[in-house]
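Colleague: For reference, the sequence and a predicted model appear below.
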Amino acid sequence: MKLLVVAVGQRVPAWAQAGWDEYVRRFPPDLRVELRTVKTEARASRTLPQLLAAERERLSAAIPPGTRIVALDERGTALTTVALAERLGVWQQAASDVALVIGGPDGLDPEFKRLAQERIRLSDLTLPHAMVRVLLIEQLYRAWSIRANHPYHRE
């Protein structure tokens, strides 16, 4: 199984890249993690629906057919870390790859969210996109650690 994080926006600060790299390095070989980024649509002379539709096309092109799509959405289902670990177990048993999708500055296109198999939220807080990447990868690692009875997670 592969976890594919697909994010709108290509550049993140060095601290965010270092955080991402640190957690990706910790995953076991049987749970691969990959980051794919797509370009943020230029804001000049376009309406918000046009911007989101263009980003939706880029996101869709970055996700292989047959991949389960989990959209990160501020109105998505709130999960505890343990509930995320349970979701990870379900995804692993289904044996299909999973794409966790992070939208751009304006979020995700409503049609993209509608077509996603799941919508989850990481926090009730508004977070910068670089922080979302680090928070997501840390929580995915923590979810794996719970499933593997690794001592990283403590309750």
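Modeller: All right, it came through fine.

Colleague: How about V98: which residues does it bridge to?
Modeller: On the basis of DSSP bridges, V98 is bridged to L3, R68.

Colleague: just checking, it touches V6?
Modeller: No. Taking contacts as Cβ atoms under 8 Å, V98 lies outside contact range of V6: 10.5 Å. For the C-beta atoms, the positions are set from N, CA and C on the backbone; glycine is no exception.

Colleague: in this structure, which spans are strands?
Modeller: With DSSP state E as the criterion, the chain has strands at 2-8, 32-38, 68-78, 98-102, 118-121.

Colleague: those helices in the protein, which residues are they?
Modeller: Assignment of helices within the chain using DSSP state H yields the ranges 14-26, 48-62, 81-94, 110-115, 129-147.

Colleague: H129 contacts V12, doesn't it?
Modeller: Yes. Taking contacts as Cβ under 8 Å, H129 lies within contact range of V12: 7.4 Å.

Colleague: Quick one, grab the pLDDT at the residue of the chain positioned farthest from its centre.
Modeller: Each residue of the chain has a distance to the centre, and by Cα atoms, centre = their mean the biggest one is for S45: 28.9 Å. S45 carries a pLDDT score of 73 in this model.
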